[in-house]
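Asker: below are the sequence and a predicted model; questions follow.
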Amino acid sequence: MTNEQKFWDALKDIFVGATIEGESSSGYINLMKIKSSYYEKGVFPILQKDIDQALKPSPKFREEFFEREFFLEQNNRQNICVLKMGLTLFGRE
């Protein structure tokens with residue numbers, strides 16, 4: 001598994017979590033499904049596009065970038081500021 005895949009998996013674990021099962025009539029279940037959809041269909045594609053665009057001038061840096069970001073992610077697993085730091089890096093604060 002590449003560092004890039006580890007990075008995206010770690011973000012999904014933090015912001016999306018496990019697959020939600022249960023009655024769709026439950027308000028909590030509906031909120032969790034909305035949250036998962038928001039990150040998977042909204043935030044992650046935009047972040048991926050921004051990272052791809054930022055790394056386009058130096059493709060050799062791609063693996064190192066994800067290695068560093070994944071390392072930070074692992075060390076700050078409970079701290080949401082990792083995503084904020086990444087978004088700030090790409091001007092999306």
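Answerer: The structure has been received and is ready for your questions. The model shown is predicted, which means the values in this text are computed figures rather than measured ones.
Asker: quick one: mean pLDDT for the helix or strand where residue 63 lies?
Answerer: Per DSSP states H and E: residue 63 is located in helix 62-75. Taken as a whole, helix 62-75 has a mean pLDDT of 70.
Asker: again, but for stretch 32-45
Answerer: Rounded mean pLDDT across stretch 32-45 is 88.
Asker: buried set for that stretch?
Answerer: For stretch 32-45, the neighbour count (16 or more other Cβ atoms under 10 Å) marks 32, 36, 39, 43-44 as buried. Where C-beta positions appear, they are placed from N, C-alpha and C, glycine not excepted.
Asker: in helices only, show me those residues.
Answerer: 32, 36, 44 (DSSP state H).
Asker: now the last one: how far from residue 66?
Answerer: For residue 44, the distance to residue 66 under the criterion Cβ to Cβ, to the nearest Å works out to 14 Å.
Asker: can you check the first one too?
Answerer: The spacing between residue 32 and residue 66, counted by Cβ to Cβ, is 28 Å.
Asker: returning to what we had before: now the buried residues of stretch 32-45 as TSV including distance to residue 25?
Answerer: TSV is the format used below for those (distance: Cβ to Cβ, whole Å):
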residue	distance to residue 25
32	13
36	17
39	23
43	27
44	28
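Asker: residue 7: which of those is nearest?
Answerer: residue 44 (11.0 Å; Cβ to Cβ).
Asker: right, and the closest one touches residue 8 too?
Answerer: Yes. Counting by Cβ atoms under 8 Å, residue 44 does reach residue 8; the two are 7.4 Å apart.
Asker: can you list the buried residues in the helix or strand harbouring residue 51?
Answerer: In this assignment (DSSP H and E), residue 51 forms part of helix 44-55. Using 16+ other Cβ under 10 Å as the test for burial, helix 44-55 gives 44, 47, 50-51, 55.
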